[in-house]
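# Here is my input; please provide its structure:
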Amino acid sequence: MSRPVQAPAAPLLEVEDLHVQFETSRGIVRAVEGLSFEVGRGEVVAIVGESGSGKSVSALAIMRLLPRLTGRTRGRITFDGRSLLDLGDEEMREIRGRDISMIFQEPMTSLNPLLTIGLQITEPLTIHLGMTAEQARARAVELLSLVGIPDPESRLDQYPHQFSGGMRQRVMIAIGLACNPKLVIADEPTTALDVTIQAQILELMKDLSRKLNIALIVITHNLGVVARYADRVIVMYAAKMVEQGRAEAVFHEPRHPYTMGLLRSVPRLDRPRGMRLETIEGLVPNLTNPPPGCRFAPRCPFRVDICGQEPPLANADNGSQSRCHRHAEIAGGKIAWAASGTGSQQAQMVREGALLSVRHLTKHFPVRAKLGHAKAVVRAVEDVSFSIHPGETLGLVGESGCGKTTVGRLILRLEQPTGGEIEFDGINLVKASPAEMQAVRRKIQVIFQDPYSSLNPRMTVGQIIGEPLHVYKLAADSAAATARVAELLNQVGLRPELAERYPHQLSGGQRQRVGIARALAMEPSFIVCDEAVSALDVSIQGQIINLLEDLQRRLGLAYLFIAHDLAVVRHISMRVVVMYFGRVMEVADRDTIYRNALHPYTKVLLDAAPVPDPTVEKARAPRLIQGELPSHMAPPTGCVFNTRCPMATQECRETIPPLVEKRPGHWAACIKV
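All right, here's what the predicted structure looks like:
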């Protein structure tokens, strides 16, 4: 007797023909148009695309968090058999807190600055799960431990401003996972995290997805994360889905030119460095007045006359769906992006003699002691030494809290060193007078991680860039200053008319270019790039990296490039310094350190970094870093990495290893190599 055929399980979430519009003073913004997809129980679905493509708006529509007065939603959203758009506010609030959770992109604006971290984690536990205060606190400690926050018991009583950006993001993830929801929507959950913590948290979320049948929607621009964890991928562009399919099919057999362009924009750890990153030129169209026909046509190198007509979302040969008139030609190999020139050599000319020398740099921060306790000191930077030559880019990598940004701030003299020397162009910056520092600041500039918070919102772009010209009298008069601002905007690839706009009227990539233009206005010879591309979309990131390299070749600039994206650091840097817990672990040229790392910490960093290729990722399991991150208040004795090192011995726990040249030009602080 034959068994009855079981019907396939109904999807947990169904989105059908979703449209989202916003009423603005400039007209109707069509943020999402005709979006349809499903998410099964235990499935991981990634949504990728540039800023403004409608990814986050789609998530907010599912959560029913769009503004009431200006947002309009139509279509159908079904969750676990219930139509979310038809529920009352109270019913939706119960589902939103218990069954669907969302991890937001910007944790500082999502966490209440007036409430302790503990209260914000325990609140949903007491409201939705009915836990007692003691049970909720114990669960909160467990959650903070799961997401890699050291000393969780004492951290519960602290406030959001006492956490770093990466720590705040981990708190948001802990809140999102607190009630064991059926669906988690993670909007750029790992943007501010290091590769090791990113791997730990995503492995945790993936395990929960499998064990508890939790569905996971990940919104991200990190294609390595997508390749490692996603079952299916949705690619969005200018409010529309342009491609959807299994992760392997989308990565290896893309059927839309936009997807092809995105994949080519990403630097990869597993391939030799190319001379330039591929980029998608142009910008996402204005959604108050989108172009007719295919939205991607104005930027597409393969557009033809039929692209002036709206393409349907059609089934492609590989099981995917593509919104492209020419998807069959792509499948047949008739359409392909032209290969760029490759090679491992960078064209910059590095001159002899160090422009910047950092020797035995140390920075300790005193911490206010609690009643009855001795005064504590945080050793943020301990005995750091390196040099940078004219025309060279030095990459500085490591986890949050390792001291990278503090080193940059010390070089800029935004912090006063506790000990050591910083010599720039023959001048000792530690002992320099205010008058000497004013002259030096013309030659040392900085590009900050967040261009929006570093640009004055009350000044136009022209005023922001022109301000140092007036302060340092670098322009003869207002007309000369205006001409110089236009020249600088052109230098960073922006139109001169943008000088009249304010920062909020620009995209993230445009704001970052304005930050670069302001740094160039001082005619510097050295620039500190502090996570200058970490928050940018893949295609915009490629444009900024190419721009920095072009400016370096043209102007002979030197860069200190601080980042946690190892693939980007490999592409742009000539030498790499690896830091951990305030100390330098390893120094070598780029190719040597990525091909043959010596220090166990460097190896763990490289293993944790995802590669944008599902086949590669499925063949290897990320080697997660073991052990707890030590507390800065009570650092370990001996090697600072010994508490997490798989090779650690008793000698490692007793002896601080010096930074020794193990091979010509290759330095490591490890007694076991």
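# pretty sure F641 contacts Y580?
Yes - using Cβ atoms under 8 Å, F641 is in contact with Y580, at 5.5 Å. All C-beta spots, glycine's among them, are computed from the backbone N, C-alpha and C.
# which residues does V184 contact?
Contact partners of V184, counting by Cβ atoms under 8 Å, 6 or more residues apart in numbering, are I100, S101, M102, I103, G176, L177, M205, S209, I214, A215, L216, I217.
# Out of the residues you listed, which sit inside strands?
In this view, those that belong to strands under DSSP state E are I100, S101, M102, I103, A215, L216, I217.
# Determine which two of those residues are furthest apart.
I103 and A215 (13.8 Å; Cβ to Cβ).
# how about stretch 300-319 as PDB, C-alpha atoms only?
This file holds the C-alpha atoms of stretch 300-319, laid out as PDB (Å, rounded to 0.1, in the frame of the first residue of the first chain):
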ATOM      1  CA  CYS A 300      23.700  49.000 -17.500                       C
ATOM      2  CA  PRO A 301      26.500  48.500 -20.100                       C
ATOM      3  CA  PHE A 302      24.300  46.000 -21.900                       C
ATOM      4  CA  ARG A 303      21.200  48.100 -22.400                       C
ATOM      5  CA  VAL A 304      19.300  48.000 -25.700                       C
ATOM      6  CA  ASP A 305      16.200  49.500 -27.100                       C
ATOM      7  CA  ILE A 306      13.800  47.000 -25.400                       C
ATOM      8  CA  CYS A 307      15.200  48.100 -22.000                       C
ATOM      9  CA  GLY A 308      13.000  51.200 -22.300                       C
ATOM     10  CA  GLN A 309      10.100  48.800 -21.600                       C
ATOM     11  CA  GLU A 310       9.300  47.400 -18.100                       C
ATOM     12  CA  PRO A 311      10.800  43.900 -17.900                       C
ATOM     13  CA  PRO A 312       8.700  41.200 -16.200                       C
ATOM     14  CA  LEU A 313      10.100  39.000 -13.400                       C
ATOM     15  CA  ALA A 314      10.700  35.800 -15.500                       C
ATOM     16  CA  ASN A 315      11.900  32.300 -14.700                       C
ATOM     17  CA  ALA A 316      15.500  31.800 -15.700                       C
ATOM     18  CA  ASP A 317      17.200  28.600 -16.800                       C
ATOM     19  CA  ASN A 318      18.900  27.900 -13.400                       C
ATOM     20  CA  GLY A 319      15.700  28.000 -11.300                       C
END
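# What about the closest residue to I306 other than its chain neighbours, how many residues nearby?
Distance criterion Cβ to Cβ, 6 or more residues apart in numbering; nearest residue to I306, sequence neighbours excluded, is H325 at 4.9 Å. Neighbour count for H325, taken as other Cβ atoms under 10 Å: 22.
# Regarding H325, what is its secondary structure?
With DSSP: H, G, I helix; E, B strand; the rest coil as the basis, H325 sits in coil.
# what's the spacing between it and G308?
Applying Cβ to Cβ, to the nearest Å, the value for H325 to G308 is 10 Å.
# Which residues are in contact with each of the two?
With Cβ under 8 Å, 6+ apart as the test, H325 and G308 both reach C294.
# Show me which positions of stretch 71-84 end up buried.
Neighbour-count burial for stretch 71-84, counted by 16 or more other Cβ atoms under 10 Å, picks out G71, T73, G75, I77, T78, F79, D80, L84.
# Relative to K363, how far out is the fifth one?
Same thing as T78. Relative to K363, and taking Cβ to Cβ, T78 is found at 55 Å.
# same deal with the last one?
Here the criterion is Cβ to Cβ. By it, L84 lies 51 Å from K363.
# now do the fourth one
Between I77 and K363 the distance, using Cβ to Cβ, works out to 51 Å.
# Provide the count of other residues in contact range of I330.
Using other Cβ under 10 Å: I330 sits among 22 other residues.
# Let's see which of the buried residues of stretch 71-84 end up in strands.
G71, T73, G75, I77, T78, F79.
# between those residues, which is nearest D194?
Nearest member of these to D194, counting by Cβ to Cβ, is F79, at 33.3 Å.
# Could you find the closest non-adjacent residue to that closest one?
F79's closest residue in space is L13 (Cβ to Cβ, 6+ apart), at 5.3 Å.
# Contacts only, for the one you found.
L13 sits in contact with E38, V39, I62, I77, T78, F79, D80, L183, A215, I217, where contact means Cβ under 8 Å, 6+ apart.
# any chance of the residues you listed in a markdown table, with pLDDT and distance to M585 too?
Output for the contacts of L13, formatted as a markdown table (pLDDT from 0 to 100; distance: Cβ to Cβ, whole Å):
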| residue | pLDDT | distance to M585 |
| --- | --- | --- |
| E38 | 96 | 46 |
| V39 | 96 | 41 |
| I62 | 96 | 43 |
| I77 | 97 | 48 |
| T78 | 96 | 51 |
| F79 | 96 | 47 |
| D80 | 93 | 48 |
| L183 | 95 | 40 |
| A215 | 93 | 39 |
| I217 | 95 | 36 |
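# wait, which of these is closest to M437?
Closest to M437, out of all of those and judged by Cβ to Cβ, is I217, at 49.4 Å.
# Would you quantify the distance from that closest one to G319?
Counting by Cβ to Cβ - I217 and G319 are separated by 20 Å.
# try V492
Distance, V492 to G319, using Cβ to Cβ: 42 Å.
# Neighbour count for those two, which is higher?
For V492 and G319, the more surrounded residue by other Cβ under 10 Å is V492, and the numbers stand at 23 against 13.
# looking at it, the more buried one is touching G515, isn't it?
No - between V492 and G515 there is no contact under Cβ under 8 Å: 9.2 Å.
# Is it possible to mark the buried ones in the contacts of V184?
Here, 16+ other Cβ under 10 Å leaves I100, S101, M102, I103, G176, L177, M205, S209, I214, A215, L216, I217 buried among the contacts of V184.
# Mind putting those residues into a markdown table with distance to P189?
Converted to a markdown table, these look like this (distance: Cβ to Cβ, whole Å):
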| residue | distance to P189 |
| --- | --- |
| I100 | 15 |
| S101 | 11 |
| M102 | 10 |
| I103 | 5 |
| G176 | 8 |
| L177 | 11 |
| M205 | 8 |
| S209 | 13 |
| I214 | 14 |
| A215 | 15 |
| L216 | 10 |
| I217 | 11 |
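# just curious, which of those residues is nearest to K603?
Using Cβ to Cβ, the buried ones among the contacts of V184 come closest to K603 at M205, 24.3 Å.
# Would you enumerate the residues in contact with the closest residue to the closest one other than its chain neighbours?
Spatial nearest neighbour of M205, chain neighbours left out: L216 (6.1 Å); criterion: Cβ to Cβ, 6+ apart. L216 makes contact with E43, V44, V45, L183, V184, A186, M205, K206, S209 under the criterion Cβ under 8 Å, 6+ apart.
# These: which two are farthest apart?
L183 and K206 (14.7 Å).
# Those two: which is more packed in?
L183 (21 against 17).
# which one of the buried ones among the contacts of V184 is nearest I127?
When the buried ones among the contacts of V184 are compared against I127 (criterion: Cβ to Cβ), the nearest one is S101, at 13.0 Å.
# pretty sure the closest one contacts I185?
Yes - at 7.3 Å, S101 counts as touching I185 under the criterion of Cβ under 8 Å.
# Any buried residues in stretch 648-658, and which?
A648, C652, P657.
# what does it rub up against?
With Cβ under 8 Å, 6+ apart, stretch 648-658 has contacts from P636, T637, G638, C639, F641, N642, C645, A669, C670, I671, K672.
# which residues touch the fourth one?
The one in question is C639. Contacts of C639 (Cβ under 8 Å, 6+ apart): C645, A648, C652, R653, T655, I656, P657, A669, C670, I671.
# how close does the closest residue to Y159 other than its chain neighbours sit to A46?
In space, Y159 comes closest to T116 once its chain neighbours are excluded; the distance is 6.0 Å by Cβ to Cβ, 6+ apart. Going from T116 to A46 by Cβ to Cβ gives 33 Å.
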